[in-house]
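Peer 1: no FASTA, just this:
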RNA sequence: GGCGCCGUAGCCAAGUGGUAAGGCAGAGGUCUGCAAAACCUCGAUUCCCCAGUUCGAAUCUGGGCGGCGCCUCCA
């Protein structure tokens, strides 16, 4: 598999450090609010990468943190009149509700920053010992000039960064690009004891600490949004590598933004849509499909119209799944025909195409194209008279490949309540008697209730309309 | 000022040297009591523009136009 590595600006063959095992870390949310759909992109994309690595047989250790202490947390907690801890508890809970809905698997570990303060203090102490960090009035800063490779991830040179710096130089910093590892307590802020007095950790140190604690000093994959390249990930590299003398992460993956009217969606611009709100109107899998319909490094424009397109496309896949399930209940056990043998051979081809796409830097758009090719073939090849074996093979592959993408997780068949069943029976009777007026009336009635009836050669097929 | 990305049919989107995937929308047809679903057919002689390299370029090089991002919290 090849992955685009931000560090080298190239696609590289992915080879994990430990055979058969992948250790990856992805920057998680700051839990001060519901997350928006721009935040959802890396969650969905890197969940998909994780699923694909597992599909390929790797054991994946996946860590995604929660940032539960920083300026935004403190500000919001004050506004709400609750503690930072209470705020964090609440939105971690809300995070899981939305993430679960989107089919994002739980990470192996979901560490919280505030539960690793001791480890952070230890790492900061080590950096001071090594002479790459210094303390001023209870604040500790990382000395960027002491780390010659600073800027290697973002492709920036220290002097250029400084020239363009819009940062106000904080009192006590030796260098404008130096960043806080530890912040002295200000009145009213939560604080922890440390060798430099009461205070709290800077943002960047948490990811270094939690990544190394759970995954070791050198991890395979570190992922996040493009806006984290600088300064967050740059700083993580500086801290971690200055402390250990070893490469911190071997492959750095960054997803592109979600735009609204071609502008980056962000909290500060106010042009964001929370996942919570979108899910009132759309099925979560529609959101997931939308994210996967473009390559993860390209920007994608978000709009309701795009979601509707995704919804229609997803429905095509669900129709295929529903058809196969329906056929499986009716298909006959018999020898495969020559045609069916050819068909099964073609199935293997779609699987190869799918894997080639995913192996090429997680090209989910191309992988979906392979699935759509397969769906067309299934639809034209299989019918009521197909052999059960052929139908089952097709179903198994569709289920397997869409499963890697986290799609088609629902069973389109649902228990019907007796009233609906009775209506369908009544309609069947009417159809037998060629009472088309009554039959159509019942069909319309059910449609209004979100139940779609299709008359197939094998009997009535019941579909449930997705939210829209 | 530094670093970087993008511009492919009405819309979305792969493809990055060998002659334009896939999806949505639309048109016609087949099937159907009518539908729905599905299937078949139709859509870029062409990939923002210009020049160059090449037997050959959407794909490489140079220039231009247009859009966007990072360099500050941000997925």
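Peer 2: Nice, thanks for sending it over. From a predicted model like this one, the values you see are computed outputs, not experimental measurements.

Peer 1: mind checking which helix or strand the closest residue to residue A:207 other than its chain neighbours is in?
Peer 2: Nearest residue to residue A:207, sequence neighbours excluded (CB to CB, 6 or more residues apart in numbering): residue A:236, at 5.3 Å. Quick note: C-beta positions are derived from backbone N, CA and C, even for glycine. Residue A:236 belongs to helix A:234-244 when assigned by DSSP states H and E.

Peer 1: quick one on the thing from earlier: pretty sure the residue nearest to residue A:207 is touching residue A:202, no?
Peer 2: No: between residue A:236 and residue A:202 there is no contact under CB atoms under 8 Å: 11.1 Å.

Peer 1: what's the neighbour count on residue A:337?
Peer 2: Neighbours of residue A:337 under the rule other CB atoms under 10 Å: 13.

Peer 1: how far does the least confident helix or strand in chain A by mean pLDDT sit from its chain's centre?
Peer 2: When the helices and strands of chain A are scored by mean pLDDT, DSSP states H and E, helix A:158-164 comes last with a mean of 76. Put simply, helix A:158-164 sits 33 Å off its chain's centre (CA atoms, centre = their mean, to the nearest Å).

Peer 1: now do the contacts for the residue nearest to residue A:322 when sequence neighbours are not counted.
Peer 2: Spatial nearest neighbour of residue A:322, chain neighbours left out: residue A:412 (4.1 Å); criterion: CB to CB, 6+ apart. Counting by CB atoms under 8 Å, 6 or more residues apart in numbering, residue A:412 makes contact with A:318, A:321-322, A:325, A:463-464.

Peer 1: I'd like to know which of the residues you listed are part of helices.
Peer 2: Judged by DSSP state H, these include A:318, A:321-322, A:325 as members of helices.

Peer 1: that older thread, does the residue nearest to residue A:322 count as helix, strand or coil?
Peer 2: Classification of residue A:412 by DSSP: H, G, I helix; E, B strand; the rest coil places it in coil.

Peer 1: related to what we said a few turns ago, looking only at neighbour counts, state which of residue A:236 and residue A:202 leads.
Peer 2: Taking neighbours as other CB under 10 Å, residue A:236 and residue A:202 compare with residue A:236 leading, 28 against 21.

Peer 1: which residues sit in contact with that one?
Peer 2: Contact partners of residue A:236, counting by CB under 8 Å, 6+ apart, are A:204, A:207-208, A:211, A:222, A:248.

Peer 1: which one of the residues you listed is nearest residue A:51?
Peer 2: Nearest to residue A:51 out of the contacts of residue A:236 is residue A:222 (CB to CB; 18.2 Å).

Peer 1: what's the neighbour count on that closest one?
Peer 2: Residues lying near residue A:222 (other CB under 10 Å) number 29.

Peer 1: thought it was touching residue A:24?
Peer 2: Yes: using CB under 8 Å, residue A:222 makes contact with residue A:24 at a distance of 7.2 Å.

Peer 1: was I right to think residue A:112 contacts residue A:88?
Peer 2: Yes: contact criterion CB under 8 Å: residue A:112 and residue A:88 qualify, at 6.9 Å.

Peer 1: neighbour-wise, which of the two wins?
Peer 2: Taking neighbours as other CB under 10 Å, residue A:112 and residue A:88 compare with residue A:88 leading, 23 against 19.

Peer 1: and the helices in the stretch 251-400 of chain A?
Peer 2: A:275-281, A:284-292, A:304-330, A:338-359, A:364-381, A:388-404 (DSSP state H, counting those that start in this stretch).

Peer 1: among these, which comes closest to residue A:187?
Peer 2: Closest of these to residue A:187 is helix A:275-281, at 33.9 Å (criterion: CB to CB).

Peer 1: which helices and strands does that closest one pack with?
Peer 2: Packing contacts for helix A:275-281, counted by 3 or more CB pairs under 8 Å, 6 or more residues apart in numbering; DSSP states H and E, involve helix A:37-55, helix A:84-101, helix A:284-292, helix A:304-330.

Peer 1: deepest in the core, which of the ones you listed is it.
Peer 2: Per residue and on average, the most neighbours among those fall to helix A:284-292, with a mean of 25 (mean count of other CB atoms under 10 Å).

Peer 1: which other residues reach that one?
Peer 2: Against helix A:284-292 from outside (CB under 8 Å, 6+ apart): A:37, A:40-41, A:44-45, A:48, A:101-103, A:275, A:278-279, A:300, A:302, A:306-307, A:310-311, A:313-314, A:364-365, A:367-368, A:405-410, A:466.

Peer 1: show me which of those residues neighbour RNA strand B.
Peer 2: Restricting the contacts of helix A:284-292 to those near RNA strand B by CB under 7 Å from any atom of the strand leaves A:41, A:300, A:306, A:313, A:365, A:368.

Peer 1: interface residues of the stretch 1-150 of chain A facing RNA strand B?
Peer 2: Residues of the stretch 1-150 of chain A lying close to RNA strand B (CB under 7 Å from any atom of the strand) are A:9, A:27, A:29-30, A:38-39, A:41-42, A:70-72.

Peer 1: for whatever helix or strand comes next after the least confident helix or strand of chain A, packing partners?
Peer 2: Moving toward the C-terminus from helix A:158-164, the next helix or strand (DSSP H and E) is strand A:179-184. Secondary-structure packing of strand A:179-184 (3+ CB pairs under 8 Å, 6+ apart): helix A:117-129, strand A:139-142, strand A:199-201, helix A:203-215.

Peer 1: let's see that with 10 Å instead.
Peer 2: helix A:117-129, strand A:133-136, strand A:139-142, strand A:199-201, helix A:203-215, helix A:234-244 (3 or more CB pairs under 10 Å, 6 or more residues apart in numbering; DSSP states H and E).

Peer 1: mind putting the ones in helices among the contacts of residue A:412 in a markdown table, distance to residue A:435 and pLDDT included?
Peer 2: Shown next, in a markdown table, are the ones in helices among the contacts of residue A:412 (distance: CB to CB, whole Å; pLDDT from 0 to 100):
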| residue | distance to residue A:435 | pLDDT |
| --- | --- | --- |
| A:318 | 31 | 95 |
| A:321 | 33 | 95 |
| A:322 | 27 | 92 |
| A:325 | 30 | 92 |
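
Peer 1: in TSV: those, plus distance to residue A:266.
Peer 2: Compiled in TSV, the ones in helices among the contacts of residue A:412 are given as follows (distance: CB to CB, whole Å):
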residue	distance to residue A:266
A:318	33
A:321	36
A:322	39
A:325	42
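
Peer 1: how about these in CSV, adding distance to RNA strand B?
Peer 2: Below are these laid out as CSV (distance: CB to the nearest atom of the strand, whole Å):
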residue, distance to RNA strand B
A:318, 9
A:321, 11
A:322, 8
A:325, 12
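
Peer 1: determine which two of those are furthest apart.
Peer 2: Largest pairwise distance in the ones in helices among the contacts of residue A:412, by CB to CB, is 10.4 Å, between A:318 and A:325.

Peer 1: in chain A, what residue is nearest RNA strand B?
Peer 2: Distances between chain A and RNA strand B by CB to the nearest atom of the strand are smallest at residue A:225, namely 1.6 Å.

Peer 1: that residue contacts residue A:257, doesn't it?
Peer 2: Yes: counting by CB atoms under 10 Å, residue A:225 does reach residue A:257; the two are 7.2 Å apart.
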